[in-house]
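Peer 1: Provided below for reference: sequence and predicted model.
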Amino acid sequence: MSDRIAILGGSGLSRLDALEVERQQIVVTPYGEPSAPLTFGTFDRLPIVFLPRHGAAHTIPPHLVNYRANLWALHSVGVRRIVSVASVGGITLGPETLCVPDQIIDYTWGREHTYVESGVAPVKHVDFTEPYCRTLREELLEAGRRAGIEVVDGGTYGATQGPRLESAAEIERMKRDGCDLVGMTGMPEAALARELDLCFAHLTLVVNWAAGIGGEVISMEEIKQVLDRSIESVRRIIARL
Ligand code: HPA
């Protein structure tokens, strides 16, 4: 068992450069294979387990990530706290903003989104009023403060199906719904973590204005530039946890 924090890495964080690897572990789950073997190591003296959500070579698109296997694998090695790093589009927050959201709206469909199976009584309905772990959110915000990096406290993450980006009308609707951020991997990840009673929080990096907000076509080149410029801040916050 371990009380290590797990880092679920997203786009731009398929590996952690400063991670001192102790060992890797292939975990078999009842739900199939996680995105990659789990990497145990220390990150600036913080013992962590690292799992790149899109696979070690970033080959797994958001709608095909085996979220159930990923969360199950981390839970099975004793992890109780997960920081999920995700790059997102900004609806009310601009590129290069870091945000620890406090709410979620789920627009995904057709994903394996629960561990609740039929025929097992009583049917479990987890509370999801506050979808993120309050203490871990606070720890992330405090880590940001100590690192001298501005991190927005709170916001609503809208999870879309992908892999295509959204239409301007979809983003307009999400804005009316109250979404501040849009990403493709936040759900069912957060809900599965809650079903397993894991403490889960998102550290998001805005890499582009969402469709129709910046007024132009979303350019992958610009997203890459923002990621290259800002991912270091994400690493520094994790190092301060
Ligand atoms: N939409 C959805 N997911 C994203 C975006 C976006 O604009 N940018 C980064 N992830």
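Peer 2: Ah, there it is. Remember, predicted model here, so these are calculated numbers, not experimental data.
Peer 1: Please make it C-alpha for all contacts and neighbour counts, starting now.
Peer 2: Will do.
Peer 1: From the ligand, how far off is Arg173?
Peer 2: 13 Å (C-alpha to the nearest ligand atom, to the nearest Å).
Peer 1: any idea how far the residue nearest the centre of the chain is from the ligand?
Peer 2: By C-alpha atoms, centre = their mean, the chain has its centre lying nearest to Ser84, at 3.3 Å. Note on Ser84: its distance to the ligand, by C-alpha to the nearest ligand atom, is 14 Å.
Peer 1: how about the strands in this structure?
Peer 2: 5-9, 19-25, 38-43, 46-52, 81-90, 98-100, 103-106, 151-153, 156-159, 181-183, 199-209 (DSSP state E).
Peer 1: where does the residue nearest to Glu222 when sequence neighbours are not counted land on pLDDT?
Peer 2: Of all residues not flanking Glu222 in the chain, Asn208 sits nearest, at 7.6 Å (C-alpha to C-alpha, 6 or more residues apart in numbering). In this model, Asn208 is scored at 96, pLDDT.
Peer 1: Who is Asn208 paired with across the strands?
Peer 2: Gly89 (DSSP bridges).
Peer 1: coming back round to it: need the winner for burial among the strands of the chain.
Peer 2: strand 181-183 (a mean of 27; mean count of other C-alpha atoms under 10 Å).
Peer 1: Figure out how far that strand is from the centre of its chain.
Peer 2: How far strand 181-183 lies from its chain's middle: 11 Å, per C-alpha atoms, centre = their mean, to the nearest Å.
Peer 1: how about stretch 128-138: buried residues?
Peer 2: Pro131, Tyr132, Cys133, Leu136, Arg137 (16 or more other C-alpha atoms under 10 Å).
Peer 1: Let's see that stretch as CSV, backbone CA atoms only.
Peer 2: Extracted in CSV, the C-alpha atoms of stretch 128-138 (Å, rounded to 0.1, in the frame of the first residue of the first chain):
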residue,chain,number,x,y,z
PHE,A,128,-21.4,14.4,-6.3
THR,A,129,-22.7,17.8,-5.0
GLU,A,130,-19.1,18.9,-4.6
PRO,A,131,-17.3,16.9,-7.3
TYR,A,132,-13.8,17.7,-6.2
CYS,A,133,-12.0,16.9,-3.0
ARG,A,134,-11.9,20.1,-0.9
THR,A,135,-8.7,19.4,0.9
LEU,A,136,-6.7,18.5,-2.2
ARG,A,137,-8.1,21.6,-4.0
GLU,A,138,-6.8,23.7,-1.1
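Peer 1: So what's the gap between it and the chain middle?
Peer 2: Its chain's average C-alpha position is 13 Å from that of stretch 128-138, according to C-alpha atoms, centre = their mean.
Peer 1: got a list of contacts for that stretch?
Peer 2: 81, 83, 100, 102-104, 190-191, 194, 199-202 (C-alpha atoms under 8 Å, 6 or more residues apart in numbering).
Peer 1: Same list, those residues, but as TSV with pLDDT and distance to Arg235 please.
Peer 2: Output for the contacts of stretch 128-138, formatted as TSV (pLDDT from 0 to 100; distance: C-alpha to C-alpha, whole Å):
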residue	pLDDT	distance to Arg235
Arg81	97	17
Val83	97	12
Val100	98	15
Asp102	98	21
Gln103	98	23
Ile104	98	24
Ala190	98	21
Ala191	98	25
Arg194	98	25
Cys199	98	20
Phe200	98	18
Ala201	98	16
His202	98	14
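Peer 1: ok, the residue nearest to Glu222 touching Gly94?
Peer 2: Yes - the pair Asn208 / Gly94 is scored as a contact, 7.0 Å apart, by C-alpha atoms under 8 Å.
Peer 1: which stretches of this protein form helices?
Peer 2: Using DSSP state H, the helices of the chain run over 67-76, 134-147, 168-177, 186-195, 220-240.
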